[in-house]
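[1] I would like to see how this sequence folds:
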Amino acid sequence: MVLSAHAAIGLGTLSGGWRIVKTMGQKITKLEPIDGVCAETSAAFSIFLGHAFRDPVSTTHVITGSISGVGSANRFLAVRWGVTVRIVWAWILTIPAAAILAGLIYSLCRMIGST
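    Numbers count the residues shown, from 1 in each chain. You can find the predicted model right below:
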């Protein structure tokens, strides 16, 4: 089970990870090196702060917010807010979709295990 989880994560990163990197680095806003440093620093601070308060924090959520913040600090309209809104909707829909899929797989495993 552990190896299958590792394989699934690895295959997911291999097949779609480059899209995430491209979206974060190019599609939300144009980043200069100093912008990237500021976004990464604020994201790291946010993650450490979340850890200090024992609050679960998604690194993807944090870096998206940081990149959007850096872009809007340069110029509010420099951020492609449509891309950011699509990312937020994906997060909102991912949690219930993952819960439903996990429930279906769990039920299937229980049925197979009980026969």
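
[2] in terms of secondary structure, what does the longest helix seen in the chain contact?
    If you go by DSSP state H, the chain has its longest helix at helix 81-114. Contacts defined by 3 or more CB pairs under 8 Å, 6 or more residues apart in numbering; DSSP states H and E place helix 81-114 against helix 59-74. To be clear about C-beta, it is placed using only N, CA and C from the backbone, and glycine gets the same treatment.

[3] pull the helix it packs on out as CSV, backbone CA atoms only.
    C-alpha atoms of helix 59-74 as CSV (Å, rounded to 0.1, in the frame of the first residue of the first chain):
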residue,chain,number,x,y,z
THR,A,59,2.2,24.7,0.6
THR,A,60,0.5,25.2,-2.8
HIS,A,61,-2.2,27.5,-1.3
VAL,A,62,0.5,29.5,0.5
ILE,A,63,2.7,30.0,-2.5
THR,A,64,-0.2,30.9,-4.7
GLY,A,65,-1.2,33.6,-2.3
SER,A,66,2.4,34.8,-2.0
ILE,A,67,2.8,35.0,-5.8
SER,A,68,-0.5,36.8,-6.1
GLY,A,69,0.5,39.2,-3.3
VAL,A,70,3.9,40.0,-4.9
GLY,A,71,2.2,40.6,-8.3
SER,A,72,-0.5,42.8,-6.8
ALA,A,73,2.2,44.8,-4.8
ASN,A,74,3.9,45.6,-8.1
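
[4] quick one on the thing from earlier: could I get the buried residue list for the longest helix of the chain?
    83-84, 87 (16 or more other CB atoms under 10 Å).

[5] residues in contact with the closest residue in space to T23 that isn't next to it in sequence?
    Excluding the flanking residues, the one nearest T23 by CB to CB, 6 or more residues apart in numbering is V83, at 6.9 Å. Residues near V83 by CB atoms under 8 Å, 6 or more residues apart in numbering: 23, 27-28.

[6] pick the one among those residues closest to D35.
    Using CB to CB, I28 is the member of the contacts of V83 that lies nearest D35, at 10.8 Å.

[7] tally of neighbours for the closest one?
    I28 has 22 neighbouring residues, counting by other CB atoms under 10 Å.

[8] residue contacts, I63?
    24, 39-40, 43.

[9] which of these are buried?
    24, 39, 43.

[10] great, nothing more from me.
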